[in-house]
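Visitor: Need coordinates for the below:
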Amino acid sequence: MTALEQRIDYEFKNPELLSQALTHPSLSHERHAEVHDNQRMEFLGDAVLQLVLTEELYSRFPRFDEGVLTKLRSRLVSKDALSSLGLRLELGQFLLMGKGEHNTGGRERPSTLADAYEAVIGAVYLDAGIEAAKAFILHEFAESLIEIDEEPEELNPKGTLQETLQAMSTSSPSYEILSENGPDHAKTFRAMVESEGTELGRGEGASKKLAEIEAAKDALLNRAWEKESQHPCE
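Guide: Below is the predicted model of the structure:
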């Protein structure tokens, strides 16, 4: 667990809490014995995460009403967002799970990564209290909060693009980072978004996420899928 503690920049006073946070329910099912898995800790971590981000959004955006703040919080704590954070920390490689779950791709399953991520937050809270959990959460969500600072309205170009495309078919947009340039402290990323083999837009930003947001904006502006439907034989 030391490698993960270094990755999250937090050392547990009680390492058993981290172990439990990383224990998938499948381990208990497979062993036919009681194992303290991460479900209860995930429940706690979800509540702590909601509280910390609610307070942060409330403080950052005093002119926003309840509805807008709720949308912004939902954007931050969606399962997709949490699984991406879990993937960034490579939580999958540290999970304790049954062989069956492992063999069916459980370590990469988005819902599993999101649940484990919330459980880690719960473990930090139990280990050192709300201030430690808050410091961890705000560090982890720093980039996402910067994105909201730069585009604070409830507009979510990536979400809007996905909803638009799924209204026409079951396809979802996929993003690719085409390049990154500049020194580490001032990188510029270039991203592309496509769907069903058709390029929809490109964008640049100071982070991968910001570049993807700009690509989604470009796609919504160009609306290439409408041009495709107008010329189906071309």
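Visitor: which residue ranges form the helices in this protein?
Guide: For the chain, the helices defined by DSSP state H cover 2-8, 15-21, 26-31, 39-60, 66-77, 79-88, 99-103, 110-128, 130-140, 142-150, 157-166, 208-222, 224-230.
Visitor: Would you mind telling me which of those helices is nearest residue 197?
Guide: Across those, residue 197 has its closest neighbour in helix 224-230 (10.5 Å, CB to CB). Using the backbone N, CA and C atoms, a C-beta is placed for each residue, glycine as well.
Visitor: what's the most buried one of the helices of the chain?
Guide: helix 110-128 (a mean of 24; mean count of other CB atoms under 10 Å).
Visitor: and stretch 68-86, how far apart are its ends?
Guide: Using CA to CA, to the nearest Å, the end-to-end distance of stretch 68-86 comes to 26 Å.
Visitor: all numbers from here: first residue = 209
Guide: From this message on, residue numbering opens at 209, which makes the last subject stretch 276-294.
Visitor: which residues touch it?
Guide: If you take CB atoms under 8 Å, 6 or more residues apart in numbering as the criterion, stretch 276-294 is touched by 254, 257-258, 261-262, 265-266, 269, 272, 300, 318-319, 321-322, 324-326, 348-349, 352-353, 356, 360-362, 364, 367.
Visitor: Repeat that for stretch 393-403.
Guide: Outside stretch 393-403, the residues within contact range by CB under 8 Å, 6+ apart are 369, 373, 379-390, 407-416, 418-420, 422-424, 426-427, 433.
Visitor: Could you export the helices of the chain as a markdown table, including mean pLDDT and distance to residue 401?
Guide: Output for the helices of the chain, formatted as a markdown table (pLDDT from 0 to 100; distance: least, CB to CB, whole Å):
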| stretch | mean pLDDT | distance to residue 401 |
| --- | --- | --- |
| helix 210-216 | 87 | 29 |
| helix 223-229 | 92 | 34 |
| helix 234-239 | 70 | 35 |
| helix 247-268 | 95 | 26 |
| helix 274-285 | 86 | 18 |
| helix 287-296 | 89 | 15 |
| helix 307-311 | 75 | 32 |
| helix 318-336 | 94 | 19 |
| helix 338-348 | 95 | 25 |
| helix 350-358 | 83 | 16 |
| helix 365-374 | 84 | 7 |
| helix 416-430 | 89 | 4 |
| helix 432-438 | 68 | 10 |
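Visitor: Distance to residue 396 for those helices - can I get that in TSV?
Guide: Below are the helices of the chain laid out as TSV (distance: least, CB to CB, whole Å):
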stretch	distance to residue 396
helix 210-216	26
helix 223-229	36
helix 234-239	42
helix 247-268	26
helix 274-285	24
helix 287-296	20
helix 307-311	39
helix 318-336	28
helix 338-348	23
helix 350-358	15
helix 365-374	19
helix 416-430	8
helix 432-438	24
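Visitor: Of all residues in the protein, which one is nearest the centre?
Guide: residue 289 (2.0 Å; CA atoms, centre = their mean).
Visitor: where does residue 306 fall, phi/psi-wise?
Guide: phi -70, psi 160 (degrees, to the nearest 10).
Visitor: Tell me, what's the model's pLDDT at it?
Guide: pLDDT recorded at residue 306 is 77.
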